[in-house]
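*Asks:* Return a 3D structure for these sequence lines:
(chains A and B)
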2 protein chains.
Amino acid sequence: MADSSTPTVRPLESSRNRSWWGWGATDQALPDAECIALGSLVPGAVQTPLPVPDVAALALPTVRVEAPRALAALMSSTPRDRASHTYGKAYRDVIRALSGDLAPAPDQVARPRSELEVIDVLDWAAGADVAVVPYGAGSSVVGGVEYRADRHRGVVSLDLSALDQVLEIDRVSRAARIQAGALGPGLEAQLRPHGLTLRHFPQSFEFSTLGGWLATRAGGHYATLYTHIDDLVESLRVVTPVGVNESLRLPGSGAGPSPDRLFLGSEGTLGVITEAWMRLQDRPSHKASATVLFDDVHAAFEAIRAVAQSGLHPTNCRLLDPGEAALAGVAQDSRSALILGVESAHTPVGMRLTELIGLARDHGGTLASTAPESADAAADTWRSAFLRMPYLRDALARMSLITETFETACTWDRVPQLYESVRSRLSDVVRDVTGSAGTINCRFTHVYPDGPAPYFTVIAPGRRGEEVAMWDRIKSAAMQILHDLGATVTHHHAVGRDHRPGYDRQRPEPFALALRAAKTALDPAGILNPGVLLD
Amino acid sequence: MADSSTPTVRPLESSRNRSWWGWGATDQALPDAECIALGSLVPGAVQTPLPVPDVAALALPTVRVEAPRALAALMSSTPRDRASHTYGKAYRDVIRALSGDLAPAPDQVARPRSELEVIDVLDWAAGADVAVVPYGAGSSVVGGVEYRADRHRGVVSLDLSALDQVLEIDRVSRAARIQAGALGPGLEAQLRPHGLTLRHFPQSFEFSTLGGWLATRAGGHYATLYTHIDDLVESLRVVTPVGVNESLRLPGSGAGPSPDRLFLGSEGTLGVITEAWMRLQDRPSHKASATVLFDDVHAAFEAIRAVAQSGLHPTNCRLLDPGEAALAGVAQDSRSALILGVESAHTPVGMRLTELIGLARDHGGTLASTAPESADAAADTWRSAFLRMPYLRDALARMSLITETFETACTWDRVPQLYESVRSRLSDVVRDVTGSAGTINCRFTHVYPDGPAPYFTVIAPGRRGEEVAMWDRIKSAAMQILHDLGATVTHHHAVGRDHRPGYDRQRPEPFALALRAAKTALDPAGILNPGVLLD
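*Replies:* Numbers count the residues shown, from 1 in each chain, chains lettered A, B, ... in the order given. Next up, the predicted model:
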């Protein structure tokens, strides 16, 4: 999902402040009392939060492999490092961490300080039959950084966070060469003095890296046009076990199948992205936004389709269904909200916003508010909730509430059916699993001329000790529903391990053969992120 | 290169009217007298045109393979069919055809009438060690449809032209399922009653197919944003020797590396594209264009960069350098011309054009003309010349004039150096090869925020009988110059066989390994378009 303006950049003082079991910074997690208050809003929820265990007291599996002396300086096998690199941040990850289950912990956490050291780690691992799980900042919500196989002698989590520099800036072409381990705030801070911005703001912005975005085809700031990080790539540098792959730095090319597009979305299975030349934007000086309300969600679908097909390319274009709009405090009384934003570094945007509002009105919308500088109250309310959401999700998890978000994309002709099917079919599953109807809300995070990217949130009371099993059933049903409707298993959360059943169903078989062959060619020892995308 | 409005659609009465040796329709080729007049404009040119031989009188190699009886109805080995499927339409192809050299002629031309028949041909060919060269309408200018290997028992040209239907239209999502053999005019004619258009107008529009565009990542109508056909693809259906690959129809996805992106640009080496769901546009009702002139070509570079980075996304944005502008009749006195066009199906475009002209003026441009409905005289002059150009190229070839066009893309920081290097270094080569400085002109056909796609045209007098050797030396030097400057070997003409040396140099080695492995997985018998992209 994408935010509509630059989030506040607040560098973490140290990784000590990072939560080992849940989202982001330890001091931002909701205290017990707030967890309880939140839980009390959901009928049927348990009364007490899952306690946060002391990581030092947890039982970790025995370390099976040690790196050779030459690599020792990069390696750590402290309980905290191993615990914090065991999982990503999916609901099931948080629950298992809170339960003290760290069975899949890596044997070692490697923190290379140069590309050469990345190569050294891969060379050693390939020879020693050690699996390597590339790790940016661990925000995966799809099991992307958790080793689940059992056929390697050991597992190393390859943490790229020390490679965090902007190495080169080309002001004329508006591009920069950036190391893959740079976190969102860090890379923006290095670009700001040049008046430039990558302007890629996924919800995980503070706790995810450029390399992670590239490897998972992350969705960012732009609701139209440049929706995925893919669109912002000029060239990639990728360390594979058989050599370094560096593409030419080009604005466009038609020379064979795109080399970059093979690595974008490869989720650490084909190589380790170490740096990229990224397209940048001038910092916007003109911004305007508006919120338009609709009595009927289907009228809102028609309105946002008209906007998406208008060629006006709003920067922000987010539809909140009645449940989502109420939760965000943007609208009440079962109304849906369409939030529109336009921006430019060069020319005033008022006229474009007026045209967009006109389209929305033509489809039955009522203008609720406009703001010249994105100071729109509704948008602001939404935005501050946006970065808080993962912390709230953790609080819900601590109250054993089942919380699942899944996102997809489909063509416009299927939208009404998708919306209704997910709500009715998944609602049945949620009732069956939890005994409660729960809440199923929907927003569109990105839109294309031929269809939207709907994002669903499910919340329902869970039974303590059964959270993961209950979540797995709901996740599995959600994947089946998307499959039945021909919608993608993921628009921007990636495949990882959790989405494998849905991905395997949607991936054409000849392409699977080709991908497997490419994997064998690039990673002959089969050490790179085993189980992701392929077996 | 892309045109700025819908070309006239004039269906060919029959394929009988198609030239077997040169571009397009026989009755559109320039008569001898016009060839001679054209030649007389170039000092040092020969005085008489190469004669066009009678195809029935030419010696074709013996047919080595016959298809089994079940496929006989699809097959043709008439001299005319074999001759017309021997080459594409590169300069060296036209010269060799005119010289009566048809040595690489295929043994058979197959014209499947269904996807099932495509499968049947591939099945037979794989078992019989027969190479299959997928053939749309044969407009390749890079040796993409010419068999040059010698390790197969025979060669079949797989002509997809019978698969030319628009099968399904989704008006809501603005998309259509179209067979790969549809020519530009034919598919547009089928979409027009629905108020829709693919709006992909390469210069080859009349004589190239959807499948060819997809397989070669063709460049089309849009100068910004949706420059390549890649951007208009929802899903592909591809027959590979190991099965049919069909991707989900999606507006966007983040599920692993994009399956479609492996086949886009695969140039018939991984499979035969049989149909695609394509994104369509509403037919534009608002259009406006303007021509802005510059005294200094480097000022024009700065102006077009400002336009490309403005976020205003003009539909047309073409820069003609002084030589190109003079040839097109758009400007004289060593001035460069920037042609800007905007269009919309929904909202007036006048304001956007005004903003674009403002940017161009800020960089020293002088407004020469504007027109509300693309009726701009300069644009019109350019446009009518545009579709005629390949016929002119054939006339130049008949006068043994060496004519080479090559196109590339690079980041803005390298543009001045690229422009000067190509002109100075290639000029030296042209003088060395031909004894004359010749003419080297440049235009930008597409622009991106981080760089343009420059397109160079070289014309110089050649020596009769040595045309191909002379052309090859110039082509080879052009590829080397692009490589030295880090520019792509092709922005939208594809790799084929002629660009292999430049492509091999620019393709990262690990990606080459992956591509080779994918090829082996999908085409284990190695029958598909051997020699293209890979050995």
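
*Asks:* Outline the domain layout of chain A.
*Replies:* Following automatic domain parsing, chain A resolves into domains at A:18-159, A:166-282, A:286-379, A:399-506.

*Asks:* Tell me which of these lies nearest to residue B:478.
*Replies:* domain A:166-282 (14.3 Å; CB to CB). Quick note: C-beta positions are derived from backbone N, CA and C, even for glycine.

*Asks:* Now that closest one: average pLDDT?
*Replies:* On average, the pLDDT along domain A:166-282 is 97.

*Asks:* Compare the domains of chain A and give me the one nearest residue B:516.
*Replies:* domain A:166-282 (11.9 Å).

*Asks:* rewinding a little: the domains of chain A: lowest mean pLDDT?
*Replies:* domain A:286-379 (a mean of 91).

*Asks:* Now do it: distance to the chain's middle.
*Replies:* Centroid separation between domain A:286-379 and its chain, computed with CA atoms, centre = their mean, to the nearest Å, is 24 Å.

*Asks:* hey, where'd the helices end up in the stretch 301-450 of chain A?
*Replies:* Along the stretch 301-450 of chain A, the segments classed as helices by DSSP state H, counting those that start in this stretch run A:322-327, A:350-362, A:377-398, A:415-421, A:427-434.

*Asks:* Can you name the helix or strand that residue A:212 falls in?
*Replies:* helix A:210-216 (DSSP states H and E).

*Asks:* circling back to that earlier point, same list (the helices of the stretch 301-450 of chain A) but as JSON lines, adding distance to residue B:436 and mean neighbour count.
*Replies:* Shown next, in JSON lines, are these (distance: least, CB to CB, whole Å; neighbours: other CB atoms under 10 Å in any protein chain shown):
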{"stretch": "helix A:322-327", "distance to residue B:436": "70", "mean neighbour count": "21"}
{"stretch": "helix A:350-362", "distance to residue B:436": "52", "mean neighbour count": "19"}
{"stretch": "helix A:377-398", "distance to residue B:436": "64", "mean neighbour count": "20"}
{"stretch": "helix A:415-421", "distance to residue B:436": "62", "mean neighbour count": "17"}
{"stretch": "helix A:427-434", "distance to residue B:436": "77", "mean neighbour count": "18"}
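
*Asks:* which residues in the stretch 151-300 of chain A form strands?
*Replies:* Using DSSP state E, counting those that start in this stretch, the strands of the stretch 151-300 of chain A run over A:154-159, A:166-170, A:175-179, A:196-197, A:233-240, A:243-246, A:272-279, A:281-282, A:286-294.

*Asks:* right, and those strands - which one's nearest residue B:52?
*Replies:* Among these, strand A:233-240 sits nearest to residue B:52 (CB to CB), with 46.0 Å.

*Asks:* Next to chain B, which bits of the stretch 351-500 of chain A? Give me the list.
*Replies:* By the rule CB under 8 Å from any CB of the partner chain, the part of the stretch 351-500 of chain A lying against chain B is A:351, A:355, A:359, A:409-413, A:446, A:448-453, A:486-495, A:499.

*Asks:* The nearest residue to residue A:65 once chain neighbours are set aside bridge partners, please.
*Replies:* The spatially closest residue to residue A:65, leaving aside those adjacent along the chain, is residue A:154, at 3.2 Å (CB to CB, 6 or more residues apart in numbering or on different chains). Beta-bridge partners for residue A:154, by DSSP bridges, are residue A:130.

*Asks:* contacting residues for residue A:154?
*Replies:* Residue A:154 is in contact with A:63-65, A:107-108, A:128-131, counting by CB atoms under 8 Å, 6 or more residues apart in numbering or on different chains.

*Asks:* Closest one of these to chain B?
*Replies:* Closest approach between the contacts of residue A:154 and chain B, by CB to the nearest CB: residue A:131, at 19.3 Å.

*Asks:* okay, now the closest one: neighbour count?
*Replies:* Residue A:131 has 25 neighbours, counted by other CB atoms under 10 Å in any protein chain shown.

*Asks:* same check, this time on the one 5 residues further on
*Replies:* For residue A:136, the count of nearby residues is 30 (other CB under 10 Å).

*Asks:* highest average neighbour count across the domains of chain A?
*Replies:* Of all the domains of chain A, domain A:166-282 has the most neighbours on average by mean count of other CB atoms under 10 Å in any protein chain shown, namely a mean of 24.

*Asks:* so who does residue A:414 touch?
*Replies:* By CB under 8 Å, 6+ apart, the neighbours of residue A:414 are A:451, A:485-487.
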